[in-house]
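Visitor: Here's my sequence, what's the structure:
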Amino acid sequence: MALRFRQLQAFHAIYETGTVTGAAQVLGISQPGTSNLIALLERETRFKLFERVRGRLIPTPEAGVLYQEVDTVVRGLDHVAQAITDLQNKQGGQLQVASQHALSFGFMPRLIAQFAKDRPDMSISFQSQYSPKVQEWVVAGLFEVGVCETPLLYDALDVHPFSLEMEVAMRADNPLARHPVLTPELLAGEPFIAMGPDHMSHRRTREAFHSAGVPWSVRVHSHLFKNILSFVKEGMGVALLDPLLLKYDEVGGFVTRPFEPRISMDMMVITSKDRPLSTLGRSFLDLLLEEIAKQETRD
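Guide: Prediction:
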């Protein structure tokens with residue numbers, strides 16, 4: 001099979017933009033050229049990659065599997081191209097950080113901005129993804145520093161573990177807001193918005209309600225804490241959420257209360273065992289660990 005990288009780039013761009021037009025803009029080539037690359041790739045793979053539905057290209061199940069493999073390769077080459085550009089422009093280095101989604105909406109951008117304030121020549125590569133992918137990226141050398149949830153999937157990583165105590169988020173007009181601390185007994189029958197059954201927050205919350213002999217009523221499942229918070233703001237129910245997501249949400253529309261028994265998110269900052277950190281990476285790691293320590297010890 002004679003796959004060409006440009007074909008994989010075209011596939012990756014269409015998968016992410018949903019249109020040939022958008023992909024052509026990303027790649028800097030014509031729309032017919034982009035379509036031709038996909039046609040050649042389908043010919044090589046011998047299966048269909050996209051179905052056209054109301055003007056958008058919808059990936060087939062086979063395309064979804066292929067994307068998981070292609071994504072790391074394409075992003076890796078993008079990093080190589082960026083590194084060459086940085087060297088050509090004699091920039092002051094590149095900070096390479098990846099984070100799981102919850103911390104990427106406020107906490108990490110603010111911390112990176114603080115770090116970059118006195119480093120005007122520094123370029124920044126920041127991506128958010130699910131925790132297994134963050135670990136994969138750091139192992140592969142695409143990012144120097146990662147923040148993700150446990151469990152650890154690779155022995156090739158150095159780990160700085162930490163825990164964050166989750167808080168109950170609800171709309172301010174919820175009668176439960178009058179309580180200084182919430183328990184399973186107080187939340188009996190209250191609709192919850194929760195992560196999927198495999199997530200640690202779901203398992204631990206279910207166990208807390210089971211131990212208290214109280215039914216736990218989950219109304220909505222979602223895959224991102226940010227989405228869950230949006231449902232809370234819409235009055236769909238309450239949720240146990242990461243305190244850093246809640247702290248750095250500037251829109252508001254909700255209040256938080258502690259939950260007993262305490263439920264924590266087990267997380268970690270990761271770096272590669274096989275590659276020494278750059279000077280920038282080491283400095284940012286120190287700042288990140290210092291800031292996380294403040295969050296862990298706050299009252």
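
Visitor: Show me what the helix or strand of the chain with the lowest mean pLDDT is packed against.
Guide: The weakest-scoring helix or strand in the chain, judged by mean pLDDT, DSSP states H and E, is helix 61-89 (a mean of 77). The elements that helix 61-89 packs onto, with contact taken as 3 or more CB pairs under 8 Å, 6 or more residues apart in numbering; DSSP states H and E, are helix 5-17, strand 94-99, strand 123-128, helix 131-140. For glycine as for every other residue, the C-beta is placed from the backbone atoms N, C-alpha and C.

Visitor: Next, the angle from the helix or strand that the last one is followed by to strand 94-99.
Guide: In other words, helix 131-140. Using DSSP states H and E, the helix or strand that follows helix 131-140 towards the C-terminus is strand 145-149. When axes from the mean of the first three to the mean of the last three CA atoms, to 10 degrees is applied, the directions of strand 145-149 and strand 94-99 differ by 0 degrees.

Visitor: For burial, what's the neighbour tally of residue 124?
Guide: 16 (other CB atoms under 10 Å).

Visitor: roughly how far apart are the closest residue to it other than its chain neighbours and residue 146?
Guide: The spatial neighbour of residue 124 that comes closest, neighbours along the chain excluded (CB to CB, 6 or more residues apart in numbering), is residue 95 at 4.9 Å. Counting by CB to CB, to the nearest Å, the gap from residue 95 to residue 146 is 13 Å.

Visitor: Look at the two and report which has more neighbours.
Guide: When neighbours are counted by other CB under 10 Å, residue 95 and residue 146 differ, and residue 146 comes out ahead with 27 against 22.

Visitor: Which strand residues bridge the more buried one?
Guide: Going by DSSP bridges, residue 146 is paired in beta bridges with residue 98, residue 270.

Visitor: Can you read off the pLDDT for the residue most central in space within the chain?
Guide: Among the residues of the chain, residue 101 comes closest to the average C-alpha position under CA atoms, centre = their mean, at 2.6 Å. In the predicted model, residue 101 carries a pLDDT score of 91.

Visitor: now it: how far from residue 130?
Guide: Computed with CB to CB, the distance linking residue 101 and residue 130 is 7 Å.

Visitor: now residue 184
Guide: Summarising the geometry, the distance separating residue 184 from residue 130, computed by CB to CB, is 29 Å.

Visitor: just residue 246 next, same as before
Guide: As it turns out, when the distance is counted by CB to CB, residue 246 lies 20 Å from residue 130.

Visitor: Looking at these two, which has the bigger crowd around it?
Guide: Neighbours were counted for residue 246 and for residue 130 using other CB under 10 Å; residue 246 has more, 21 against 14.

Visitor: For residue 237, which non-adjacent residue is closest in space?
Guide: Leaving out its chain neighbours, the residue that sits closest to residue 237 by CB to CB, 6+ apart is residue 191, at 3.5 Å.
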